[in-house]
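Asks: Quick one: sequence plus predicted model below, questions after.
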Amino acid sequence: MPYTFAASEKLFARAQRSIASGVSSGIRKLEQPVPLYFTHGAGPRLWDVDGNEYLDYAIGQGALLYGHAPAGLAEALGAQARRGTHWAAQSELEIEVAERLQAMIPSAELVRFNNSATEVVTAAFRLARAHTGRPLILRFEGHYHGWADEGLVGYANPPGRWGPDEDPARIHPSQGVIPAVLDQFVVARWNDPDHLRRRVEEYRGRIAAIVFEPILCNTCCLEPVEGLMRTIRELCDRDGMLMIADETITGLRFGASCAQGYLGFRPDLTILGKAVGGGTPFAVLAGTRAAMGKILSGEVVHAGTLNGNPLCLAGSRWCLDFVAGLGAGHPAAINALGRRLMDGLAALGRSHGVPLRPQGPGLAFHAVILKPGSAEGPIRDYRDYVGRHDAARWAHLRRCLLEEGVRAIERGLWFTSLAHTGADIDETLRRAAPAFSRHAASWRPPQ
Ligand SMILES: Cc1ncc(COP(=O)(O)O)c(C=O)c1O
């Protein structure tokens, strides 16, 4: 029998009387048929208040690279909580975490800690402007850099308002943003090195930094085309701009040295979040000594009451040791698992007449469903994604999967975690089969 969600519906109705719109982060409201309320998780599994059990591929929007409630992490957090939850001061723990990061990520010559990647993005942009004395940040369409004023300019420009191919618009999705913020950004399309060169040429001498998700997980799951990382590095070196890798999602997931090691490039600044704290509110700004110069000198303000919080540090130390202990087999093992899942889902799509084309390296992938009449071949960038991915059809399939106990992220992204096994993938595909049948039988395109 497909799952039902009566207890979550009841709690959501109650929540709306005390929590603004019932949720603590806007996008959670979008979950269909209702934002779910969870009771506990273990490894790749998660249980909700209706007693439904899910094989979870959302894993805390990617933060739970280690699966739900890994025993070692719970012990590390418990032991630290008994010694103290917060000092707003120094501890040897923070040096231990910093030294581990230095050892794992060659470009992390120095680090600073915050509690969310959104904060770290703000710090990185400030640092880049101070370092270069220039006002502009170049960013790419479809890349997400947190929810602050500066993180969202040009992120998901609505079709019809996204501007010419050569000059993507600088639209912010939120009201209440300081208007001048929009002028501090240059927006470029992803995965087109020649277009990037032209954008840099047009604003040459005024750009402080180029920021990007090395493997774009916030729009489809788009690996960079051959030569793109090299082009960014070359342009940054030529013009004295900082190369900022936003590894909030990719950090540790793509290996101990993150996506920069996996793809083979060296940024000036790196933003880490999610997996580096294993579900605690922890994020890291890492960089070369030169790029961190203005923080070293004190000319750039970087602060926060909860920075270097010992609970988060204890969690992070456990996560870093866990990833270091995986050795050279990471991320190949979870990439292979993810690819097995992608292949199995594509096969289900074929046998049920669903034009599903999973895209991504494996450990992260996007369930692309082609719109009727769309061309085949990998999605390349944000405009291509909006043009060819059938978001309404995916939403329908996602709900069918949820009702059979398979949970992917609403926008179509799937993560395999270090807790998923081959047996979990097989069980996922067995559960997914009736979901595909129900979807194929009941899907009707919106009129
Ligand atoms: C690439 C990227 N950067 C920054 C952020 C912001 O992180 P946080 O939600 O921890 O502020 C996110 C969050 O999803 C992200 O995916």
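Replies: In hand now; what should we look at?

Asks: Residue 163 and residue 72: what is the separation?
Replies: Distance of residue 163 to residue 72, computed by Cβ to Cβ, to the nearest Å: 49 Å. Every residue, glycine included, has its C-beta placed from N, CA and C.

Asks: Actually, residue 177.
Replies: Applying Cβ to Cβ to residue 177 and residue 72 gives a distance of 42 Å.

Asks: And the pLDDT for the closest residue to residue 214 other than its chain neighbours?
Replies: Nearest in space to residue 214, with sequence neighbours left out and distances taken as Cβ to Cβ, 6 or more residues apart in numbering, is residue 259 at 3.8 Å. Model confidence at residue 259, expressed as pLDDT, equals 98.

Asks: Residue 259: helix or strand, and which one exactly?
Replies: Under the assignment given by DSSP states H and E, the secondary-structure element containing residue 259 is helix 258-263.

Asks: hmm, that helix in reach of the ligand?
Replies: No: using Cβ under 6 Å from any ligand atom, we find that helix 258-263 stays clear of the ligand, coming within 10.7 Å at best.

Asks: Quickly list the domain ranges of the protein.
Replies: If the domains of the chain are taken from automatic domain parsing, they occupy 6-69+331-442, 71-328, with pieces of a single domain joined by a plus sign.

Asks: Could you export those as TSV, including mean neighbour count?
Replies: Conversion of those to TSV gives the following (neighbours: other Cβ atoms under 10 Å):
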stretch	mean neighbour count
domain 6-69+331-442	18
domain 71-328	19
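
Asks: Residues of the stretch 101-250 of the chain that sit close to the ligand?
Replies: With Cβ under 6 Å from any ligand atom as the criterion, the stretch 101-250 of the chain comes near the ligand at residues 116, 117, 118, 121, 144, 145, 146, 213, 218, 246, 248, 249.

Asks: Repeat the analysis, applying 5 Å as the threshold.
Replies: Applying Cβ under 5 Å from any ligand atom, one finds that the stretch 101-250 of the chain approaches the ligand through 116, 117, 118, 144, 145, 146, 213, 246, 248, 249.

Asks: re the thing from before, run the chain-centre distance for the helix holding residue 259.
Replies: 15 Å (Cα atoms, centre = their mean, to the nearest Å).

Asks: Give me every residue in contact with it, excluding its own residues.
Replies: Under the criterion Cβ atoms under 8 Å, 6 or more residues apart in numbering, residues 104-107, 214-215, 224, 229, 245, 247, 250-255, 266-267, 270, 272, 331 lie in contact with helix 258-263.

Asks: Strands - which of those residues land there?
Replies: Secondary structure from DSSP state E places 245, 270, 272 of the contacts of helix 258-263 in strands.

Asks: Now for the second one: which residues touch it?
Replies: When you say that, I think you mean residue 270. Counting by Cβ under 8 Å, 6+ apart, residue 270 touches 105, 107-108, 244-245, 247, 251, 258, 260, 284-287.

Asks: Quick check: beta-bridge partners of it?
Replies: residue 245, residue 286 (DSSP bridges).

Asks: Would you quantify the distance from it to residue 325?
Replies: Taking Cβ to Cβ as the measure, residue 270 and residue 325 are separated by 22 Å.

Asks: likewise the first one?
Replies: Applying Cβ to Cβ, one obtains 24 Å for the distance of residue 245 from residue 325.

Asks: in the chain, which ranges drop under the pLDDT threshold?
Replies: Using pLDDT under 70 as the threshold, the predicted model of the chain has no low-confidence range.

Asks: Leaving out the residues flanking it, which one is nearest to the most centrally placed residue in it?
Replies: Centroid check for the chain by Cα atoms, centre = their mean gives residue 249 as the closest residue, at 3.6 Å. Using Cβ to Cβ, 6+ apart and skipping the chain neighbours, the partner closest in space to residue 249 is residue 217 (4.5 Å).

Asks: so what's residue 169 up against?
Replies: For residue 169, the contacting residues are 154, 157, 161, 162, 163, 187, by Cβ under 8 Å, 6+ apart.

Asks: still on that earlier bit, with distance to residue 17 as extra columns, can I get the ones in strands among the contacts of helix 258-263 in CSV?
Replies: As requested, these are exported to CSV (distance: Cβ to Cβ, whole Å):
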residue, distance to residue 17
245, 43
270, 42
272, 37
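
Asks: one step back: pick the one among the contacts of residue 169 closest to the ligand.
Replies: Closest to the ligand out of the contacts of residue 169 is residue 154 (14.4 Å), distances taken as Cβ to the nearest ligand atom.

Asks: Confirm that that closest one sits in a strand.
Replies: No: for residue 154, which was evaluated using DSSP: H, G, I helix; E, B strand; the rest coil, the result is coil, with no strand membership.

Asks: ok, and the closest non-adjacent residue to it?
Replies: The spatially closest residue to residue 154, leaving aside those adjacent along the chain, is residue 187, at 3.6 Å (Cβ to Cβ, 6+ apart).

Asks: which other helices and strands contact the helix or strand hosting the one you found?
Replies: Element membership of residue 187 [criterion: DSSP H and E] is strand 185-188. Secondary structure elements in contact with strand 185-188, counted by 3 or more Cβ pairs under 8 Å, 6 or more residues apart in numbering; DSSP states H and E, are strand 136-140, helix 193-202.

Asks: now the last one against strand 136-140, angle please.
Replies: Taking axes from the mean of the first three to the mean of the last three Cα atoms, to 10 degrees, helix 193-202 and strand 136-140 form an angle of 170 degrees between their directions.

Asks: hmm, back to that, okay, the helices and strands packed on strand 185-188 in CSV with distance to residue 446 next?
Replies: Formatted as CSV, the helices and strands packed on strand 185-188 follow (distance: least, Cβ to Cβ, whole Å):
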stretch, distance to residue 446
strand 136-140, 30
helix 193-202, 33
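
Asks: Go through those and name the closest to residue 303.
Replies: Proximity to residue 303, assessed across the helices and strands packed on strand 185-188 by Cβ to Cβ, is greatest for strand 136-140 (21.2 Å).

Asks: That closest one - contacts with which helices or strands?
Replies: helix 117-132, strand 185-188, strand 207-212.

Asks: How about the contacts made by residue 256?
Replies: The contact partners of residue 256, taken as Cβ under 8 Å, 6+ apart, are 104, 105, 323, 324, 326, 330.

Asks: Please repeat the previous calculation with a cut-off of 10 Å.
Replies: Residue 256 makes contact with 100-101, 103-105, 320, 323-328, 330-331 under the criterion Cβ atoms under 10 Å, 6 or more residues apart in numbering.
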